[in-house]
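Peer 1: pasting the structure only:
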């Protein structure tokens, strides 16, 4: 049975998917019949014989001869409306749209269930890494206590260059030149992209509805190569981690640049690669590593979804989409280890003053290091950066301490804070039975 | 619709699966109705109320009320006969049996196709790592050019201890004490276990029939901590790799202790962990890391298979098992970089003699190192180990060179040889676009 596919969006990924279907689709009985893009210039991206090209998406959505609509427009409007409309017209949908799935997944899945159609969204997180399918099926026997991953290749590329000494701005420029960062890098460097992906992963892993807004989010723009140096000195790499954790039944959801022990497998994931580390009660710790973006890797995931859905259509069945009906509560005041970088005025008693502020807020210092080689003159004062790592402590205490430190006359400028992830979760590479 | 399960084998894994079904099966409508084991002592391993316990496997295989038979006996006889008979009786089968699947997979799948039943074998390779399902479905759009993995936790544990300076015998003993090695470790340390697993991975990845006997196989018993030291000095770790590679359309299949660059993600997989690294033409390089054995991890995979098959049964469908009908040809004389360790007699011209032998066989020396601190006296001669790494070269040349070196009067004892894996395949951690 031939399966006819319509494609919305002929950008980078759309062109990859169209070319795959053109060149290999018939091996699987898959036929790209129509493709739409508002930008007519894109229609020449790939020569697609026998494909109806249109700038009217509704011609595809409403075409009765198509069984699968592949949405590769991205963003909210009009992608979300197209997806909903395609489902209403009884079409299965495949999408790489993390924004739409993370914000409207629940209603999309519900509509699909009512219509009895499949929705494939493997490509929305981790590119070619089959993390969605693994969580939905292969790890279904497990209770997942932790997902922590590098799910944004742009920031990982930038942080890798910074770990080699490059300043943030230069690293961003290199990433843009190499095509790893957009001209407007905001969604990536702010952590927003990772936030949407984490919401999808946590929703699927816990079969609950996690809105991206319940994920706290910090970006990487304030990190300096100096932080990379200090972190390395303490035995850490700095990575933008997207972390979903259950502690005593409560969920903690966070995207933040984080110090990761160099012995943790995530610390070694460099350049534009993505990796998702997780812990299940049966499978134990696992990590999935691969390319999280780009035309070929994303095409790999989109085509796998199309193949799966085509098989379902031929068998007259459809997938059990996640019901997302489990409850969850958020941890109110998450606890985490931390790293302070403070520019201290080089006068007697500065460090004592800082230690006093931390102690007042119940924060225990673990290590402290001050490096004279980083001393500099600011407005006539000598300033030396002081790095303090602290034992796990509530976020609220850190927040209050930071407020007080910012006002403190011994501290120059804004104090900088990063989280440290070195919980016992990080057990790959340690023997469970030893 | 309730799905009734029968279990063959109540050993370590069988008990894990039985306990899971007892405790959580009803959430999924899965009911363990009967379990068989020839060893009655094992029947007390887990208290299983409402489960018929028998020492007669055929009572389970022929029980008309059971839809799924889970085979966790292992080995060839009688497991293989039970699997075939269960299929003949129209039952779906789930198995963790790498021996039976790798040797009889083709006939098992064929029988299952005829009977219209599913066969799940995720647990046969990589424990809780969903590598079989990923190859069968998630990466289906890809042409896989390389699979190379650490698929035996016992040997990885031993090699990890050896990299810390322990002798092979001591490391094996520790592994046995910790429960990571069997009392008879032959199948693991000889590479046979990995050989069976690699045959399954390559068969699934290439949809062809790869018999384990077409995988060349070397074990780890001859490696010394000295090799670990030298390897580290050259920038390598030593791992037992199971490698399936296609080069110019021909397959190369090998299990061997191998020098892996420390920058390769496989080099950092330590202790009893498994990892499968692969390269697809679309997804690029990927790595899947996790526990490859043990009760919980294997239970995770077995239960995922049971859930998937139960869903198929409820929908009245069955899985498309790999047809394994693609042809393949083997590379006749594989090319690989190499590492020689030779005990040289400490007299003038020894190294020159060795270099002459290598040159004669067309083998180019890359690096050579000799360490006086390892000198020792043997039968009145002073002997110093010499390490030579060589550029990629045909196996046949290495074989002939080794034969000649063994006869050479400057070389004491048997020359030792390891392969080096540092092809351009190992590109995780390098930018594709840079």
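Peer 2: Cool, got the structure. Note that the structure is a prediction, hence the values are computed from the model and not measured.

Peer 1: how about stretch A:341-361: buried residues?
Peer 2: Buried residues in stretch A:341-361, defined by neighbour count with 16 or more other C-beta atoms under 10 Å in any protein chain shown: A:341-346, A:350-351, A:353-354, A:357-358, A:361. All C-beta atoms are positioned from the backbone trio N, CA, C, and that covers glycine.

Peer 1: as a quick check, tell me the outermost residue of chain A.
Peer 2: Centroid-distance maximum for chain A: residue A:348 at 44.0 Å, with C-alpha atoms, centre = their mean.

Peer 1: could you check how far that one is from chain B?
Peer 2: Noted for residue A:348: a distance of 45 Å to chain B, by C-beta to the nearest C-beta, to the nearest Å.

Peer 1: what does the model give that residue for pLDDT?
Peer 2: Looking at residue A:348, its pLDDT reads 93.

Peer 1: can you tell me the element it falls in?
Peer 2: Using DSSP states H and E, residue A:348 maps to neither a helix nor a strand.

Peer 1: how about the contacts made by residue A:226?
Peer 2: A:341, A:374, A:385 (C-beta atoms under 8 Å, 6 or more residues apart in numbering or on different chains).

Peer 1: any chance you could map the helices in the stretch 301-434 of chain A?
Peer 2: Using DSSP state H, counting those that start in this stretch, the helices of the stretch 301-434 of chain A run over A:350-360, A:395-407.

Peer 1: ok and the residue in the stretch 301-434 of chain A nearest chain B?
Peer 2: Nearest to chain B, among the residues of the stretch 301-434 of chain A, is residue A:303, at 3.6 Å (C-beta to the nearest C-beta).

Peer 1: wait, that residue sits on residue B:139?
Peer 2: No. The pair residue A:303 / residue B:139 is not scored as a contact, 9.8 Å apart, by C-beta atoms under 8 Å.

Peer 1: quick one: the contacts of residue A:226 as a markdown table, columns for distance to residue A:212 and pLDDT too.
Peer 2: Below are those laid out as a markdown table (distance: C-beta to C-beta, whole Å; pLDDT from 0 to 100):
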| residue | distance to residue A:212 | pLDDT |
| --- | --- | --- |
| A:341 | 28 | 96 |
| A:374 | 37 | 89 |
| A:385 | 34 | 94 |
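
Peer 1: so which of the residues you listed are in strands?
Peer 2: Under the assignment DSSP state E, the contacts of residue A:226 contribute A:341, A:385 to strands.

Peer 1: tell me which residues form a beta bridge with the residue lying closest to residue A:192 once chain neighbours are set aside?
Peer 2: Nearest residue to residue A:192, sequence neighbours excluded (C-beta to C-beta, 6 or more residues apart in numbering or on different chains): residue A:217, at 6.6 Å. Beta-bridge partners recorded for residue A:217 (DSSP bridges): residue A:255.

Peer 1: pick out whichever of the contacts of residue A:226 sits closest to residue B:104.
Peer 2: residue A:341 (61.4 Å; C-beta to C-beta).

Peer 1: so what's that closest one up against?
Peer 2: Counted by C-beta under 8 Å, 6+ apart, residue A:341 has contacts A:226-227, A:230, A:385-387, A:415-418.

Peer 1: am I right that residue A:100 falls within a strand?
Peer 2: No. Secondary structure of residue A:100 (DSSP: H, G, I helix; E, B strand; the rest coil): helix, not part of a strand.

Peer 1: that one: how many residues sit nearby?
Peer 2: Each residue near residue A:100 was counted by other C-beta atoms under 10 Å in any protein chain shown, and the total is 26.

Peer 1: okay but it is in contact with residue A:108, surely?
Peer 2: Yes. Using C-beta under 8 Å, residue A:100 is in contact with residue A:108, at 7.4 Å.

Peer 1: what touches both of the two?
Peer 2: residue A:83.

Peer 1: in the stretch 1-150 of chain A, which spans are helices?
Peer 2: Using DSSP H, counting those that start in this stretch, the helices assigned to the stretch 1-150 of chain A run over residues A:12-24, A:57-61, A:79-88, A:98-115, A:131-133.

Peer 1: using JSON lines, lay out those helices together with mean pLDDT and distance to residue A:212.
Peer 2: Below are those laid out as JSON lines (pLDDT from 0 to 100; distance: least, C-beta to C-beta, whole Å):
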{"stretch": "helix A:12-24", "mean pLDDT": "96", "distance to residue A:212": "21"}
{"stretch": "helix A:57-61", "mean pLDDT": "97", "distance to residue A:212": "25"}
{"stretch": "helix A:79-88", "mean pLDDT": "98", "distance to residue A:212": "14"}
{"stretch": "helix A:98-115", "mean pLDDT": "97", "distance to residue A:212": "5"}
{"stretch": "helix A:131-133", "mean pLDDT": "98", "distance to residue A:212": "16"}
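
Peer 1: got CSV for those, with distance to chain B too?
Peer 2: Formatted as CSV, the helices of the stretch 1-150 of chain A follow (distance: least, C-beta to the nearest C-beta, whole Å):
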stretch, distance to chain B
helix A:12-24, 7
helix A:57-61, 22
helix A:79-88, 21
helix A:98-115, 15
helix A:131-133, 5
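
Peer 1: and those helices: which comes nearest residue B:93?
Peer 2: Closest approach to residue B:93 among the helices of the stretch 1-150 of chain A is made by helix A:131-133 (22.5 Å; C-beta to C-beta).

Peer 1: I'd like to know which elements the closest one is packed against.
Peer 2: The helices and strands touching helix A:131-133, judged by 3 or more C-beta pairs under 8 Å, 6 or more residues apart in numbering or on different chains; DSSP states H and E, are helix A:192-206.

Peer 1: try it again at 10 Å.
Peer 2: In terms of contacts (3 or more C-beta pairs under 10 Å, 6 or more residues apart in numbering or on different chains; DSSP states H and E), helix A:131-133 is packed against helix A:192-206, strand A:273-280, helix A:295-315.

Peer 1: okay if I get those as TSV plus mean neighbour count and mean pLDDT?
Peer 2: Formatted as TSV, these follow (neighbours: other C-beta atoms under 10 Å in any protein chain shown; pLDDT from 0 to 100):
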stretch	mean neighbour count	mean pLDDT
helix A:192-206	26	98
strand A:273-280	26	98
helix A:295-315	23	97
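
Peer 1: buried residues in stretch A:61-79?
Peer 2: Within stretch A:61-79, the residues that qualify as buried are A:61, A:63, A:66-74, A:79, counting by 16+ other C-beta under 10 Å.

Peer 1: farthest-apart pair in the residues you listed, please.
Peer 2: Maximum pairwise distance among the buried residues of stretch A:61-79 (C-beta to C-beta): 22.6 Å, between A:67 and A:74.
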